[in-house]
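Participant: sequence plus the predicted model coming up.
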Amino acid sequence: MIQTKMPFMTANYWDETWRGLKMPKESLLSFFEKLGQLDEFSYLYGYLRVQLAPTLYCNKAGTLLNLSMTHLPLHKIFLAKKKYFEEALGVQSFILKESQQGVLVYFYKKESLEAHLGQEEIQLFLKKYKYKDPANLSEALKTLKRHFQNSCPHEVGIFLGYPTCDVLGFSTLGGKKCKFKGYWCVYQNVDFSKKIFAQYDAIKLKTMAQVMDEYKLKQSV
């Protein structure tokens, strides 16, 4: 049994772990307590299912997670079973940074991301950040990885499905003077972004409930 009561993934600008999620603290604690009764592999699988839900079901361009070393070697489990997780979840993954302490992993659905990067507005934006061929998925991810070696590149927001205007606003103002904060800092179209945030919250909460229910079923056998 894993002894854990709180989320242990490091939350920061490039880790979307719980940003924007609005739910009672008791529900969040209950979820992690349920996961804490599983083995490490099942813990990670359940965790990924919840975090990737917007990308899996809401057409979000991608999700970025920092699987770091704390009291659980989740990054080692992920690296050892990377192909399994990709097939089981129906996504592909790309490692942007790796160290002995953890891995920074970008998860995406190939067709959805290619369609996203194929938009003219997106291509024009990324070319300003030295992406020679933004529509080439493989090359675009390699460029993003290079940019991550020194710091968190602002254009990562494009790969996470954030509106171009808000990515530009953050890169210019560093998160200041935004009109609203949720999964990203909103500078324009607040109502539209709030609807998106609500969709992400809803699918995460639904997936969380499914994971908990499946655990209960397993226990009752």
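Facilitator: Cool, got the structure. On a predicted model such as this, the values are computed, not experimentally measured, just so you know.

Participant: tell me the helices and strands packed up against the biggest helix by length in the chain.
Facilitator: Looking across the chain with DSSP state H, the single longest helix is helix 190-220. Applying 3 or more Cβ pairs under 8 Å, 6 or more residues apart in numbering; DSSP states H and E, we find helix 190-220 packed against helix 25-35, helix 40-51, helix 53-57, strand 180-181. C-beta here means a position set from N, CA and C on the backbone, and glycine is covered the same way.

Participant: parallel or antiparallel, which strands does the last one pair with?
Facilitator: Strand 180-181 has the following strand partners under DSSP bridges: strand 185-186 (antiparallel).

Participant: avg pLDDT for the strand it pairs with?
Facilitator: What strand 185-186 shows for mean pLDDT is 94.

Participant: try stretch 72-91
Facilitator: 94.

Participant: relative to helix 40-51, how tilted is the longest helix of the chain?
Facilitator: If you take axes from the mean of the first three to the mean of the last three Cα atoms, to 10 degrees, helix 190-220 sits at 150 degrees to helix 40-51.

Participant: give me the buried positions along helix 190-220.
Facilitator: By 16 or more other Cβ atoms under 10 Å, the buried positions in helix 190-220 come out as 193, 196-197, 200-201, 203-205, 207-208, 211-212, 215.

Participant: from the chain's centroid, how far away is that helix?
Facilitator: Put simply, helix 190-220 sits 14 Å off its chain's centre (Cα atoms, centre = their mean, to the nearest Å).

Participant: quick check: next helix or strand after the helix or strand containing L79?
Facilitator: Element membership of L79 [criterion: DSSP states H and E] is helix 74-80. Next along the chain after helix 74-80, taking DSSP H and E as the criterion, comes helix 82-89.

Participant: helices or strands next to that next one in the packing?
Facilitator: Applying 3+ Cβ pairs under 8 Å, 6+ apart, we find helix 82-89 packed against helix 40-51, strand 92-99.

Participant: okay if I get the ones you listed as a markdown table plus mean neighbour count and distance to C58?
Facilitator: Formatted as a markdown table, those follow (neighbours: other Cβ atoms under 10 Å; distance: least, Cβ to Cβ, whole Å):
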| stretch | mean neighbour count | distance to C58 |
| --- | --- | --- |
| helix 40-51 | 20 | 13 |
| strand 92-99 | 17 | 17 |
